[in-house]
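Participant: here is my input, please return the structure:
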Amino acid sequence: MNGMITIYKKELADHFSSNRFLILFALIAMVSLITAYMAGLNLANNLDGVAKPKFVFLLMFTSSGVQFSLVQFIAFFGPLIGLMLGFDTINRERNEGTLSKLLSQPIYRDSVINGKFLAGLTIIVMMVVSIILVVTGLSLTMIGVVPGLEEILRLLIYVIISIFYLAFWLGISILFSILFRNVATSALAALAFWIFFSFFIYMGANAVASALVPDAMNDSGMMVLKSKIEKAIALTSPLQLYTDSTATIIDPMRRTTRAFIQVGMMERLSMSRFSGPLPLTQSALIVLPYMITLIAVSMICFAISYVVFMRQEIRSL
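Facilitator: Residues are numbered from 1 along each chain as shown. I've put the predicted structure just below:
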């Protein structure tokens, strides 16, 4: 335990003193501040002279700023935080020869990877919480709305999901730093993994669905089938899991994670009559499978990194 705390403190000191961390933190803070400020301006103009609707505080996170909302920004570019923090965690010390010296001390090998992962996770928690606090302060200043208890609870769940989402990418980057001795190779592998599961997976899902259901435009039933195939393939991406889970939690008016729903006349009438916001418990039940899956893949990813590191030969380290 003492060895893990020592590694944890050392990694935190390295992160805080590195120019890479300072540049990354400044960039994330600047983009988040600009996005939240523009969203606040739009909300203040739209709400000027009208009664403020319920859950208007959460609109600060879902309303578009310049090109995207804060939720979209964290979903697409948040993984870069985890990748930047971990792509050289192991192979950098291996190339410098400090890892063998470290393991020759009375420090267990699992303390090394546990301490490094916890240090990166601490940085992620600090960044996410800082962004949320900045946006909260801006919302209080610009639109003058104090969040209610349910909004705070929804935001808390959103923060937890975001931390596990970024922890997954941190685990991926640490895994590549263990598998590849070259730092540039591990960085490129982690970046390629992010690009594939953030962009190319959706193109592949559309191509596969179009090949399996070629005549979807002529039949509404086939269109629904095509949409289900695309959704099933897209759910293999952590980005889709994160987007579906956070969109329903942060937006009480959203009643499903599906992008395409076919309803009849009576269903539309029922939805129009009961179109109020969902309670927090109902929103949580809708996204619970996505939350559990995202947490599970994050833990599995770190477990794989842990096993690979523990099974490596001492001479190869």
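Participant: what about the longest helix in the chain?
Facilitator: In the chain, ranked by residue count with DSSP state H as the criterion, the top helix is helix 109-142.
Participant: following it, which helix or strand shows up next?
Facilitator: As assigned by DSSP states H and E, the chain's next helix or strand after helix 109-142 is helix 149-179.
Participant: buried set for that next one?
Facilitator: Buried residues in helix 149-179, counted by 16 or more other C-beta atoms under 10 Å: 150-151, 154-155, 157-158, 161-179. The C-beta positions use only the backbone N, C-alpha and C, and glycine is treated the same way.
Participant: before we move on, what about stretch 81-96?
Facilitator: Across stretch 81-96, burial judged by 16+ other C-beta under 10 Å covers 81-91, 93-94.
Participant: tell me how many other residues surround the closest residue to Asp215 other than its chain neighbours.
Facilitator: Excluding its sequence neighbours, the residue lying closest to Asp215 (C-beta to C-beta, 6 or more residues apart in numbering) is Met222, at 6.0 Å. Using other C-beta atoms under 10 Å, Met222 has 15 other residues around it.
Participant: equivalent analysis for Gln282, please.
Facilitator: By other C-beta under 10 Å, neighbour count at Gln282 equals 12.
Participant: next SSE downstream of the lowest-mean-pLDDT helix or strand in the chain?
Facilitator: None of the helices or strands of the chain scores lower by mean pLDDT, DSSP states H and E than helix 265-273, at a mean of 40. Using DSSP H and E, the helix or strand that follows helix 265-273 towards the C-terminus is helix 280-311.
Participant: grab the nearest non-local neighbour of Val112.
Facilitator: Nearest to Val112 is Ile7, by C-beta to C-beta, 6+ apart, at 5.6 Å.
Participant: what residues are up against the one you found?
Facilitator: Ile7 makes contact with 107, 111-112, 114-116, 119, according to C-beta atoms under 8 Å, 6 or more residues apart in numbering.
Participant: 10 Å - rerun?
Facilitator: Contacts for Ile7 (C-beta atoms under 10 Å, 6 or more residues apart in numbering) come out as 102, 107, 111-119.
Participant: reformat those residues as TSV; add pLDDT and neighbour count.
Facilitator: Output for those, formatted as TSV (pLDDT from 0 to 100; neighbours: other C-beta atoms under 10 Å):
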residue	pLDDT	neighbour count
Leu102	76	18
Ile107	76	16
Ser111	86	19
Val112	87	24
Ile113	88	21
Asn114	89	19
Gly115	90	21
Lys116	90	26
Phe117	92	24
Leu118	93	16
Ala119	92	23
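Participant: make TSV out of those and add distance to Gly3.
Facilitator: Below are these laid out as TSV (distance: C-beta to C-beta, whole Å):
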residue	distance to Gly3
Leu102	9
Ile107	4
Ser111	4
Val112	8
Ile113	11
Asn114	9
Gly115	8
Lys116	12
Phe117	14
Leu118	13
Ala119	14
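Participant: out of the residues you listed, which one sits closest to Phe196?
Facilitator: Of all the contacts of Ile7, Phe196 sits closest to Phe117, with 23.1 Å by C-beta to C-beta.
Participant: if we can go back for a sec, now do the SS call for the residue nearest to Val112.
Facilitator: Secondary structure, DSSP: H, G, I helix; E, B strand; the rest coil: Ile7 is helix.
Participant: okay, it: pLDDT?
Facilitator: With respect to pLDDT, Ile7 has a value of 86.
Participant: ditto for the one 3 residues further on
Facilitator: In this model, Lys10 is scored at 86, pLDDT.
Participant: so what's the nearest residue to it once chain neighbours are set aside up against?
Facilitator: Among residues not flanking Lys10 along the chain, Gly115 sits closest, at 7.6 Å (C-beta to C-beta, 6+ apart). Contacts for Gly115 (C-beta under 10 Å, 6+ apart) come out as 3-12, 107.
Participant: among the contacts of Ile7, which one sits closest to Ala207?
Facilitator: Phe117 (36.1 Å).
Participant: does that closest one touch Glu11 like I think?
Facilitator: Yes: the criterion here is C-beta atoms under 10 Å, and Phe117 meets it with Glu11 at 9.0 Å.
Participant: element containing Phe68?
Facilitator: Here Phe68 is assigned to no helix or strand, by DSSP H and E.
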